[in-house]
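Asks: 3D model of this:
(one chain, ligands or ions: 2)
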Amino acid sequence: MRIETLPEEFVKAQPIIDTIEAAGYEAYYVGGSVRDTLLGLPIHDVDIATSAYPEEVKSLFKRTVDTGIEHGTVMILDHGTGYETTTFRTESGYQDYRRPDSVKFVRSLKEDLNRRDFTINALALKTDGSIIDYFDGLKDLKAHRIRAVGDPEKRFNEDALRMMRAVRFASQLNFVIDPETVAGIKHHGGLLTKIAVERIHVEFVKMLLGQWPAMGLDVFMETGLYQYCPDFKPYQAQFNQLRTELKSGMSNETAVWTLLAAAFNLSSKQVNQLLKDWKSANQLIEDVQVAVKAVHGIATHSVDAWLVYQTGNELLSIANEVAQKLGQSSYETAALLDQYGALQIHSKKALAITGQDLMAAGIKPGPQLGRALNFLERQVVEGQLDNQNKTLLEAAINYLNEKA
Ligand SMILES: Nc1ccn([C@@H]2O[C@H](COP(=O)(O)OP(=O)(O)OP(=O)(O)O)[C@@H](O)[C@H]2O)c(=O)n1
Ligand SMILES: [Mg+2]
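Replies: Ligands and ions are numbered 1, 2, ... in the order given. Have a look, this model is predicted:
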């Protein structure tokens, strides 16, 4: 198997491989970029694997950074691009189900590919476009199948996060997970609790951003993996509903969590807790709290509506997207959001007129002054009056004359 024309990212990286080879070592492109190229997908980062030991790699290039030297990874800087170059290695230990206790550098590509998670991720590409495939990765790519390299039990024992990686690849690529690999996930699901939430978070979000979320959610639910994620256990029914309703992925991370918060029917406080437990950034927590209100159509109070409006159109469109995904046209979210667009203020403080202004115009202090200000606020929020000093003064005088 040979790729005729390599994407430019590989062509650009070729001098690096050439330099390593000229020094007598082997070097290949490996990992996601090889997989995605074979699938005709765009690639992000080019990873290189080499038989040269880290010190040997460093001696060959002017500018390198030790990004993960203990695992054999050195970043080579070349014309403003960084290339992660990792020495072939085997791994052993994995006492904590996360990271190998010890890595051993080896000179054999096959041994290196053998330690990797899935066969579709265990392919190597040479600069001439030829593919090295020791574990039937090409066959699995063709069959749209995610299959562990070797024994799935061993692979998930080594790094439990790989179970989440399997479901997110299913959802990104529209692939099925091989039955033996699914069985391995079923068996080892509980190990997910040993993994840092931040890492699970990344994979979980990637799953719902994938183009075929149902492909990942099916396995996520059927293997019981969801139970080992923070706070998800009570929401089996809601997840199952999403599984059947979600025909395409969400457009960004805020939309992902807004979808869940709305589907789980969470209060603002519960949203806060959920997202905190998932170690989310504060900005994300704030945005989701506001967007979910809009989805539920409860942001009718002017202050809530203002919050939504203030964030610009982004949260509005997220709320809209989520409402559509949940089939909530009955909430008339779109109409509601249109109304927000007409909002000019969110409180009396933002009125273009003050009590002082009204008194200066001869209105006496007291209950009627308060009533006039309330009237103006309501009219401006509802878009009946422009928020301009002169307009408001006239309206207040008319209002009080009518009342008198
Ligand atoms: N838990 C993991 C993580 C990574 N890998 C190996 O390291 C490669 C690169 O890892 P990473 O960049 O995390 O994933 P990609 O497969 O490249 O996917 P993406 O496109 O999302 O980067 C993977 O292809 C796989 O061979 C692995 O075996 N086990
Ligand atoms: Mg990658």
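
Asks: what residues are up against the nearest residue to Lys206 once chain neighbours are set aside?
Replies: Spatial nearest neighbour of Lys206, excluding adjacent residues (Cβ to Cβ, 6 or more residues apart in numbering): Arg168 at 4.4 Å. No exception for glycine: its C-beta is placed from N, CA and C like everyone else's. Going by Cβ atoms under 8 Å, 6 or more residues apart in numbering, Arg168 touches 203-204, 206-207, 210, 216.

Asks: try Gln289
Replies: Contact analysis of Gln289 by Cβ under 8 Å, 6+ apart lists 268, 271-272.

Asks: what are the phi and psi angles of the closest residue to Asp133 other than its chain neighbours?
Replies: The shortest distance from Asp133 to any non-neighbouring residue, by Cβ to Cβ, 6+ apart, is to Leu123 (5.5 Å). The phi and psi torsions at Leu123 (degrees, to the nearest 10) take the values phi -100, psi 150.

Asks: Give me the neighbour count for whichever residue of the chain sits closest to ligand 1.
Replies: Ranked by Cβ to the nearest ligand atom, the top residue of the chain for proximity to ligand 1 is Gly32, at 2.3 Å. Neighbour count of Gly32, defined by other Cβ atoms under 10 Å: 16.

Asks: What is the nearest of the contacts of Arg168 to Glu321?
Replies: Of all these, Glu321 sits closest to Gly210, with 15.5 Å by Cβ to Cβ.

Asks: re the thing from before, I'd assumed the residue nearest to Lys206 was in a helix, is it?
Replies: Yes. Arg168: assigned to a helix according to DSSP: H, G, I helix; E, B strand; the rest coil.

Asks: Give me the pLDDT for it.
Replies: At Arg168, the pLDDT value in this model is 98.

Asks: cool, Arg155 as well?
Replies: pLDDT, read off for Arg155, is 96.

Asks: and it, what helix or strand is that in?
Replies: Taking DSSP states H and E as the criterion, Arg155 maps to helix 152-158.

Asks: For that helix, name the packing helices and strands.
Replies: helix 161-173, helix 179-188 (3 or more Cβ pairs under 8 Å, 6 or more residues apart in numbering; DSSP states H and E).

Asks: Pull the distance from the longest one to the chain's centre.
Replies: Translated: helix 161-173. 13 Å (Cα atoms, centre = their mean, to the nearest Å).

Asks: near ligand 1 at all, that helix?
Replies: Yes. Using Cβ under 6 Å from any ligand atom, a contact is recorded between helix 161-173 and ligand 1, made by 161-162, 165.

Asks: all strands for this protein, in order.
Replies: Counting by DSSP state E, the segments of the chain that form strands are 27-30, 47-50, 64-68, 73-78, 81-87, 89-92, 102-105, 124-125, 131-132, 145-146, 176-177.

Asks: Would you mind giving the ones you listed as CSV with distance to ligand 1 and mean pLDDT added?
Replies: Formatted as CSV, those follow (distance: least, Cβ to the nearest ligand atom, whole Å; pLDDT from 0 to 100):
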stretch, distance to ligand 1, mean pLDDT
strand 27-30, 7, 98
strand 47-50, 6, 98
strand 64-68, 12, 95
strand 73-78, 11, 96
strand 81-87, 9, 95
strand 89-92, 9, 86
strand 102-105, 12, 88
strand 124-125, 10, 98
strand 131-132, 13, 98
strand 145-146, 11, 98
strand 176-177, 15, 98
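
Asks: Which ChimeraX command selects the buried ones in the contacts of Gln289?
Replies: A single ChimeraX command selects the buried members of the contacts of Gln289 (16 or more other Cβ atoms under 10 Å):
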select :271,272
